[in-house]
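S.K.: Kindly return the folded structure for what I paste below:
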Amino acid sequence: MTSHLRQKQVVSAYIHIPFCEHICYYCDFNKVFIEGQPVDEYVNLLVREMSLTMANYPDYEINTLYIGGGTPTSLTAKQLDRLLEGVHKYLPINRLVEFSVEANPGDIDKEKMAVLKYHGVNRLSMGVQSFHDEILKKIGRVHTKKDIFKSVDQARKSGFENISIDLIFRLPKQTIPLFKESLQQALSLDLPHYAVYSLILENKTVFYQLMRKGKLHLPSDDEDADMYELAMEMLDSAGRKQYEISNFALSGYESIHNKTYWQNGHYFGFGAGAHGYIEAMRYKNNGPIQHYLDPLKINQLPIFSKENLSKKQIMEEELFLGLRQIEGISQELFLKKYAIPVKEVYGQTIYDLIDKGLLEEKDGYIKLTKRGIFLGDTVFQSFLG
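M.R.: Purely as a prediction, here's the structure:
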């Protein structure tokens, strides 16, 4: 007799904590000020969402897990403990290789770090943004430069070595020398991973409103490009290799979870406003907290919308996302995944972008050129039907 063991599908999972101790002026993620919110109920019903979802997907296992926000560390140590107990109870994470949690400098203390460590979290991602107190204040952050050093030191003492920090450039009042100083301070921490982003003005943010009123003064486009180039040069010289448009790491410390997104892999999304992508279906949860909680109270999933993607849409996303990676798209892998050569589908677009000096073909990969990295958005848009 032969036993037919079903092959487990390996996917990732994202958990959203929508609470913040304060609201930053540039952020448009699904978040609310924590004061007066039903936080305990949210944590309990989030755990229920995991249990209801996984009952529908018995053949899945999760190899990377990312808890983001909002601010996950705005939860108390006790609430974090409750959430992570639920994760261990209901999510199939026996073969988890990367477990990341976002944290804010200044609000992650020794006790919370001990809880994270105890439950197997092995990567911390800190939203630092800048090392200048005046700029931090201008963008609505409440931590200081001193808090950053203190939190990183505390994380190391708690046993975390895989630590990443985010920096943002093109901020109000930020000059190239000030950004250079932030990069130097960041590198003085000698971390294995850095993420560096240009400020994006998102609808419904404080900065967007100020911009519309002509009250937001930002560095010019040229300065923006110079800051990005400076970041690439300094991080590269420090041995942090750029592996995606905004991400730099020592070898072996690239974010496995984020690579799932860029490689068009599948993931569950848990929490208010979270997105998931399983098989060929993308889904999105209700965003407003009460709308998220209500269905769960009666044991129903809080899904707001579902979309089944066509093969054409999936291939578009493969390029749109995959070209963000510095190594680019493997033609062999594309053929294996979709049973059609990438050039048969997108040959014309690819050749046009090669002619414009934005893409190049190398060792079986199609990838951005140095110029293409600066004009990434133009390249990605070309592949969307």
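S.K.: V342 contacts I329, doesn't it?
M.R.: Yes: if you go by Cβ atoms under 8 Å, V342 and I329 touch, sitting 6.6 Å apart. C-betas here are computed from N, CA, C, even on glycine.
S.K.: Okay, and D236 sits in which element?
M.R.: Following DSSP states H and E, one finds D236 within helix 221-237.
S.K.: What are the contacting residues of the lowest-mean-pLDDT helix or strand in the chain?
M.R.: One helix or strand of the chain scores below all others by mean pLDDT, DSSP states H and E: helix 206-212, with a mean of 79. Residues outside helix 206-212 that contact it (Cβ atoms under 8 Å, 6 or more residues apart in numbering): 23, 25-26, 139-140, 199, 201-202, 216.
S.K.: ok, M50 - contacts?
M.R.: Residues in contact with M50, defined by Cβ under 8 Å, 6+ apart, are 86-87, 90-91, 270.
S.K.: wait, I meant G269
M.R.: Applying Cβ under 8 Å, 6+ apart to G269 gives the contacts 13-14, 16, 275-277, 283-285.
S.K.: What's the per-residue pLDDT of it here?
M.R.: For G269, the pLDDT comes out at 98.
S.K.: Then T2?
M.R.: What the model reports for T2 is a pLDDT of 41.
S.K.: Also L5?
M.R.: Listed pLDDT for L5 reads 54.
S.K.: related to what we said a few turns ago, buried sites along the helix holding D236?
M.R.: Neighbour-count burial for helix 221-237 flags 223-224, 227-228, 230-232, 234-235 (criterion: 16 or more other Cβ atoms under 10 Å).
S.K.: which of the residues you listed lies closest to S188?
M.R.: Among the buried residues of helix 221-237, M234 lies closest to S188 (Cβ to Cβ), at 11.6 Å.
S.K.: so that closest one sits right up against S188, yeah?
M.R.: No: counting by Cβ under 8 Å, M234 stays clear of S188, with 11.6 Å between them.
S.K.: so where does the most centrally placed residue in the chain fall, helix or strand?
M.R.: In the chain, the centroid-proximal residue (Cα atoms, centre = their mean) is N258; its distance is 6.1 Å. Element membership of N258, judged by DSSP H and E, is helix 256-262.
S.K.: elements contacting that helix?
M.R.: Judged by 3 or more Cβ pairs under 8 Å, 6 or more residues apart in numbering; DSSP states H and E, the packing partners of helix 256-262 are strand 9-17, strand 60-69, strand 98-103, helix 311-322.
S.K.: After the last one, which helix or strand is next? Please name it.
M.R.: What that stands for is helix 311-322. strand 329-330.
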